[in-house]
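1. what's the 3D shape of this:
(chains A and B)
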Amino acid sequence: MAGSVHLRQHRERWPSLKEIIKISQMADVTITVDGKKVTAPAGTLLIEACKSAGIEVPAFCYYPGLSVQGACRMCLVRIEKMPKLQTACTVPITDGMAVTTDTPEVHQARKATVEILLGNHPLDCPVCDAGGECELQDMTFAYGAAESQYMEAKQHKEEQQWSPVVFFDRPRCILCYRCVRVCGEGMDVWALGVQNRGVTSLIAPNQQDHLECEECGMCIDICPVGALTSGAYRYKTRPWEMNHVGTICTHCGDGCKTTLGVRRSKGGMEIVRGDNRDKSGINGDFLCIKGRYAFDFANSDDRITHPLVRRDGKLVPTSWEQAIDHIADRFKQVRDSQGGSAIGVIGSNRTTNEENYLLQKFARSVLSTNNIDHHRTTDYPAFAKAVAGKQKITATLRETMTAPAILLIGNDPTEQHPLLAWNLRTNLRIHNCRIYIVNSGDIKLRRQARAYAQVPVDGGESSMVQYLAGNDSASSQLLSENLTREALRDFRDKLKSEKELIVIFGSEVRGDDIVTLVNWSSAQGAKFICLGDYSNSRGAADMGLYPDLLPGFTSLSSNSPFTEEYGSSMPRQAGLDIEGMFSAAKSGKLGALYVVGANPVARYNIDPFALKNTFVVVQDMFMTETATTAEVILPAANAYEKAGSYTNTYGDLQLLRKAGDLAGVRTDFELIVRIADRMGVDVHKLIPFGKGLRADMGQSRGAQSGEADQHAVWLTARNLEPKLSPFDPEALLDEIQRLVPGYDFSRLNLFAGGDVHTHAPEFSSISQTPSPESIVPANDTLFTSGTLGRYSHTLNSVIENRRATPVEAEIPAD
Amino acid sequence: MKTLYSPTPLVTHPDEVRIISRRFGQGAQDIDRYIALDGYKAARKALEMQPDDIINEVKASGLRGRGGAGFATGMKWSFIPKQSEAPKYILINGDESEPATCKDRLLAEYDPHAIIEGTLIAGLAVGAKLGFIYLRGEYRYLLEIMEKAVADAYAKGFLGKNIFGSGCEFNILTHTGAGAYEVGEESALMESLEGKRGLPRLKPPFPAIKGLYGGPTVINNVETIATVPPIILNGGKWYASFGPNEKNGGTRLTCLTGHFNKPGVYELPLGYPAKKMIYDVGGGIPNGRKLKAFVPGGSSTFLLTQEEAESATMDYDWFAKRGEFLGSGGVVAIDDQTCMVRVALRIMKFYRHESCGWCIPCREGTDWLEKTLARFHDGGGVHKDIDQILYLANNMAGRTFCALGDAAAFPTISIVKKWRHEFEDHLDGRQCPFEAASREMAIA
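-> Purely as a prediction, here's the structure:
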């Protein structure tokens, strides 16, 4: 290849953003733009000042948050007393500046730039992925560069595939360098660079003809034209043919907003795209590979779409009525003959808060059992105990973007919490955050760390917590060639001087260590974040999927509103945890097991034979290891096929919006209600619908036509008012808000699509936290996502492409 | 020592005022010979002076940057902050790439110590301890001479931790480019020196505040810096007296190229009449032809017609009054048998090749201009192309990230405006009327 690729060229190339952002502390100045007075802090970039006054200054290369370039010359404006037109993206405002943005001269300059860009740009808009949402199209429309001025042939180069998800169409590229900057400055990956010069300049990948990177796809979404396209989406549809549904990603515990592009297809809906180009939500414009591409499990051919029941040892399709009747009869039979303690319930890290709440309420008040658990990825109960009664003690995910100092103990956010990693990098770049890291490995965020304490594997983080809290003798477990006594002391001293610290810790820190950590640094005003692995792990914990804890980490033995609400059938003794349930099954004491959206057989390495005498019901999308042991399988909807709320690991609550239906499946919420109904329960008691709540037949959560009618038929058959649905999760959100400590937030922001922070309970009734051994971290990477990830074509193709360990060898579960 | 080059032939003319060329051909590459020819006297003198006095002397000389932009050198030095946390640097721009310009080459070849001495004095004036001499990639063969000169200066104790036994420190490093015109732009020069792509930087911050490696940096052209020692030695007023006024002080090396009978580099005082320069110093136009067009200082300047050229004086003011530029000292005479469309094409070919590609108007504009001019010259032009060429050039002028866009636009605009009839002569599939003669044309 001619020329050479320069990958880190953009580093420190420009006055750093820090210098530009310093302005936030500067005094306000007033400028005039097109006769309008605009007031903003001195030093604000002119383009941003114009934007705040509602005056759009177009730009291809300027992108908020990334270094300024002045390369595309689209933002030229006239500033009084300046001899030439100036680029609004590079000029900081000063008091009294007089600017015009809509003169014929400015219009002509912009038009001329669009014209020469179009000279080499292939006008393949009718087939281009970006057609309809292309900034070059928009600018052509705005400035009317409609006439073709050139006779010469356009430069052409064949399209290249750089990775399973990234394609590059060179002729469409307008060289704005946004991709180069977002990959380098934003992601700290530096996989894209510029090759050659002048009109032959081209964006090039780091490995000659392909990319070796985190496959986040940020470069694709930031591309103003269709030069970088997505392997998952390209040539599939036109933007205006899709519904765009803003919902929450179902993978890790960060809870990014992702806007799904949904199209109708044979089997119902098909998700064809995920992005967050409108920058709404907790994650701004950030998404990792999973948020952007790993929705594709939803359209996997492996989805179960009919209820299955075991006959003569084989699972065969059956009707919903037969399947549900069968389950209800058996549950009733086991409960009434062997007692509720012979039934076990295992919930999910990816079902909604309403579903989790309903599941435990159903278990406790209908099945009369406290044998309820979920796959625990971190020690939320200990965290709840540590922070109880403290004001402003938990930090939101948004705060990690602006906090002046952060201490990260354990975990590898780059792999496990990509949005958190993005926030830390951005915080450092823009606000100069001081990042302190304690880790047993050499994690990538080390590059951003002001101080890094590499501690021994297995227990190093725990010893560090002891040491930080003042136990000097713990240092003996920490010292190594990587960490000297002086470095250790210096690390602690620096942290002591931090007044507005956010302490973030992974599952390495558990039990009493969490209490120690919180007591130590909350004294100096710190806030805390406890990292758990899946999209609603925190919700599962908050909603009481524990054998010994009710929602909000409420002790079973204490008197709480739940005892009254759930009635006398709820036992007051703690139930069995997952391991306990399987031992009980092995010894023939577990008559029935109800597994909702979990794969404990694989995660806990259970011998399926242990379940031979247990009636197993599984609600899932796929024929998982656990599903193969089932007597009855109910095909369940996933997070993109339903409404509800998720709580991310930071305690930020967000609404899930339904993207569409896959024909044949039902939500876990509906299935629990139907089973309860068939067991003869008063559904009103389980779901307090009809207490004056509006019910809109699901339209507000994106229900497809037909769905509402289905409900109407069911309701009418039971002499219920058709305008109120027991399948509406919002009905249960009321009860959650009323009863669950920490969840009495205002619904205004939540229902407007925002995120609301839950708070620490006022007091803790926990006497003893669960054993630290009950926590099994998921250890997912950027390219895995428990059992679910196995069914993502994109994740699989990336893993195969990297010739890494085969997918089967990755740890599965949930 | 293996010699990689053959020495450049030297020319003379009685009107020359030999201040910086006085040691050419005198063996001054040798440090002892340089010392014998008053070498390093100015440096010793500067060591006795206050930094502000050095700067004032340079200000008084009227010396302006010889790279082409013509910024007052003393003023530039005075912008360097006295106190700076970041180290200060002197960067000598020897990326002499302006078409028709070949003066810095002679200085590096015949008088390398003058560059070193000037750099050292600039260091003393602004309080820098390190200077870089950056030679263009194509001048790699001169690096041998430059490096030997630097080594000899170290050996004598003129560079290093204790220069001339004064206790002062000053060091010099040499570096070469990789062949990019754009790197002659001072901020791209810094990028290149720092090991990055040769792309221009945003200004502000200006180099005097935040330049090389983030430190305050003086960037001077080779000829400019070589002029400093005689100024310090003989006084600013003495130097200024050779030019027409204090804003156009002294002399400059003028490179006569193209259709001259006696091409070569001559040191002429500022304000020298262009007519005399063309017909007397340059010996007139060969083959009995007439002058048609005149490039005053490198291809980035507006071209003059014969009448304009013959009334011009070679100083900054004459051109500035017309909104034009004196440029880099690379003077080109173009005879009446040369096709001006082809001149425009040749110039644009250069800028298209050298555009760094950073900003759209220059990257795309130079490309479309070259393509259009090539087609036009080959007889494929249509009438609206002429205005389209002007339109494209006007859309580059003043709108690009750095001055390269201006440099490509200015000559094109002046050619289309002044020789429009020659464009019209190419229309309707006609063959270039100058085809045969223009084969001999040699520009850049």
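2. Leaving out sequence neighbours, find the closest residue to the residue nearest the centre of chain B.
-> Centre of chain B computed as the mean C-alpha position; nearest residue by CA atoms, centre = their mean is B:G67, 3.3 Å away. Nearest residue to B:G67, sequence neighbours excluded (CB to CB, 6 or more residues apart in numbering or on different chains): B:N221, at 3.6 Å. From N, CA and C alone the C-beta is placed, and that goes for glycine too.
3. Show me which residues of the stretch 51-200 of chain B are close to chain A?
-> Counting by CB under 8 Å from any CB of the partner chain, the positions of the stretch 51-200 of chain B adjacent to chain A are B:A180, B:E182, B:E191, B:K196, B:R197, B:L199.
4. what's the helix or strand for the closest residue to the first one other than its chain neighbours?
-> Leaving out its chain neighbours, the residue that sits closest to B:A180 by CB to CB, 6+ apart is B:G198, at 4.6 Å. Secondary structure assigned from DSSP states H and E places B:G198 in neither a helix nor a strand.
5. residues near B:G198, how many?
-> As a burial measure, B:G198 scores 24 neighbours (other CB atoms under 10 Å in any protein chain shown).
6. ditto for B:G298
-> 26.
7. What separation is there between it and A:Q619?
-> 78 Å (CB to CB, to the nearest Å).
8. now A:Q416
-> 27 Å.
9. same question, B:D32
-> 95 Å.
10. Looking at those two, which has the bigger crowd around it?
-> Legend: neighbour count by other CB under 10 Å for B:D32 and A:Q619, higher for A:Q619 (31 against 12).
11. The more buried one looks like it's in a helix, true?
-> No - read with DSSP: H, G, I helix; E, B strand; the rest coil, A:Q619 is strand and lies in no helix.
12. Pretty sure it sits against A:D668.
-> Yes - look at A:Q619 against A:D668 with CB atoms under 8 Å: they come within range, at 5.5 Å.
13. Can you find the residue of the stretch 651-800 of chain A that comes nearest to chain B?
-> Evaluated by CB to the nearest CB, the stretch 651-800 of chain A has A:L782 as its residue closest to chain B, separated by 29.7 Å.
14. Contact partners for the nearest residue to that residue once chain neighbours are set aside?
-> Leaving aside its sequence neighbours, A:L782 sits nearest to A:E415 (CB to CB, 6+ apart; 5.3 Å). With contact set as CB atoms under 8 Å, 6 or more residues apart in numbering or on different chains, A:E415 has these partners: A:D780, A:T781, A:L782.
15. avg pLDDT for the one helix or strand A:E415 maps to?
-> Per DSSP H and E: A:E415 is located in helix A:413-416. Confidence for helix A:413-416, expressed as mean pLDDT, is 98.
16. from the middle of its chain, how far away would it be?
-> 12 Å (CA atoms, centre = their mean, to the nearest Å).
17. go on, stretch B:218-231?
-> 12 Å.
18. got the buried residues for it?
-> B:218-231 (16 or more other CB atoms under 10 Å in any protein chain shown).
19. Let me see the contact set for residue 305.
-> Unless you meant another one, I'm taking chain A. Residues near A:T305 by CB under 8 Å, 6+ apart: A:G267, A:P635, A:L662, A:A663, A:G664, A:V665.
20. Not quite, go with chain B.
-> Per CB under 8 Å, 6+ apart, neighbours of B:T305: B:K292, B:A293, B:F294, B:K418.
21. same thing but at 6 Å, please
-> B:T305 is in contact with B:K418, counting by CB atoms under 6 Å, 6 or more residues apart in numbering or on different chains.
22. Looks like A:N536 contacts A:Y646 (just checking).
-> Yes - using CB atoms under 6 Å, A:N536 is in contact with A:Y646, at 4.7 Å.
23. Neighbour count for these two, which is higher?
-> Taking other CB under 10 Å, A:N536 and A:Y646 do not tie; A:N536 has more neighbours (33 against 27).
24. Following element in sequence after the longest strand along chain B, please.
-> Counting by DSSP state E, the longest strand found in chain B is strand B:251-258. Downstream of strand B:251-258, the next assigned helix or strand under DSSP H and E is strand B:264-269.
25. so how many other residues sit close to the residue in the stretch 1-150 of chain B that chain A sits nearest to?
-> In the stretch 1-150 of chain B, the residue that lies nearest chain A is B:A86 (13.2 Å; CB to the nearest CB). Using other CB under 10 Å, B:A86 is surrounded by 15 other residues.
26. Spatially nearest residue to A:N749, not counting backbone neighbours?
-> A:N749 sits nearest to A:V756 (CB to CB, 6+ apart), 5.3 Å away.
27. residue contacts, the one you found?
-> A:V756 touches A:L653, A:F745, A:N749, A:L750, counting by CB under 6 Å, 6+ apart.
28. From the residues you listed, list just the buried residues.
-> Of these, these count as buried by 16+ other CB under 10 Å: A:L653, A:L750.
29. Check the contacts of A:V756 and tell me the two furthest apart.
-> The most widely separated members of the contacts of A:V756 are A:L653 and A:N749, with 9.6 Å between them, by CB to CB.
30. any idea whether A:V262 is helix, strand or coil?
-> Once three-state DSSP is applied, A:V262 turns out strand.
31. what number of residues lie near it?
-> 25.
32. On the pLDDT front, check it for me.
-> Checking the pLDDT column for A:V262, the value is 93.
33. re earlier: what are the bridge partners for the residue nearest to A:N749, then?
-> A:L653 (DSSP bridges).
34. Return the member of the contacts of A:E415 nearest to A:C179.
-> A:L782 (18.8 Å).
35. circling back: any shared contact partners between A:Q619 and A:D668?
-> With CB under 6 Å, 6+ apart, A:Q619 and A:D668 have common neighbours A:V596, A:A636.
36. Show the residue spans covered by the helices in the stretch 501-650 of chain A.
-> Under the criterion DSSP state H, counting those that start in this stretch, helices of the stretch 501-650 of chain A are mapped to A:512-522, A:537-542, A:561-566, A:578-586, A:600-603.
37. Can you list the buried residues in the longest helix along chain A?
-> The residue-count maximum for a helix in chain A (DSSP state H) belongs to helix A:320-338. Buried residues in helix A:320-338, defined by neighbour count with 16+ other CB under 10 Å: A:A323, A:I324, A:H326, A:I327, A:A328, A:R330, A:F331, A:K332, A:V334, A:R335.
38. Just put these in TSV and tack on pLDDT.
-> Listed next are the buried residues of helix A:320-338 as TSV, based on pLDDT from 0 to 100:
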residue	pLDDT
A:A323	98
A:I324	98
A:H326	98
A:I327	98
A:A328	98
A:R330	98
A:F331	98
A:K332	98
A:V334	98
A:R335	97
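39. circling back to that earlier point, now the longest strand of chain B: how far from the chain's centre is it?
-> For strand B:251-258, the distance to the chain centre is 10 Å (CA atoms, centre = their mean).
40. What pairs with it, parallel or antiparallel?
-> strand B:264-269 (antiparallel), strand B:330-335 (parallel).
41. Mean pLDDT for the ones you listed - can I get that in JSON lines?
-> As requested, the strands paired with strand B:251-258 are exported to JSON lines (pLDDT from 0 to 100):
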{"stretch": "strand B:264-269", "mean pLDDT": "97"}
{"stretch": "strand B:330-335", "mean pLDDT": "97"}
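42. Kindly compare burial across the ones you listed and name the winner.
-> Counting by mean count of other CB atoms under 10 Å in any protein chain shown, strand B:330-335 has the highest mean neighbour count of those, with a mean of 26.
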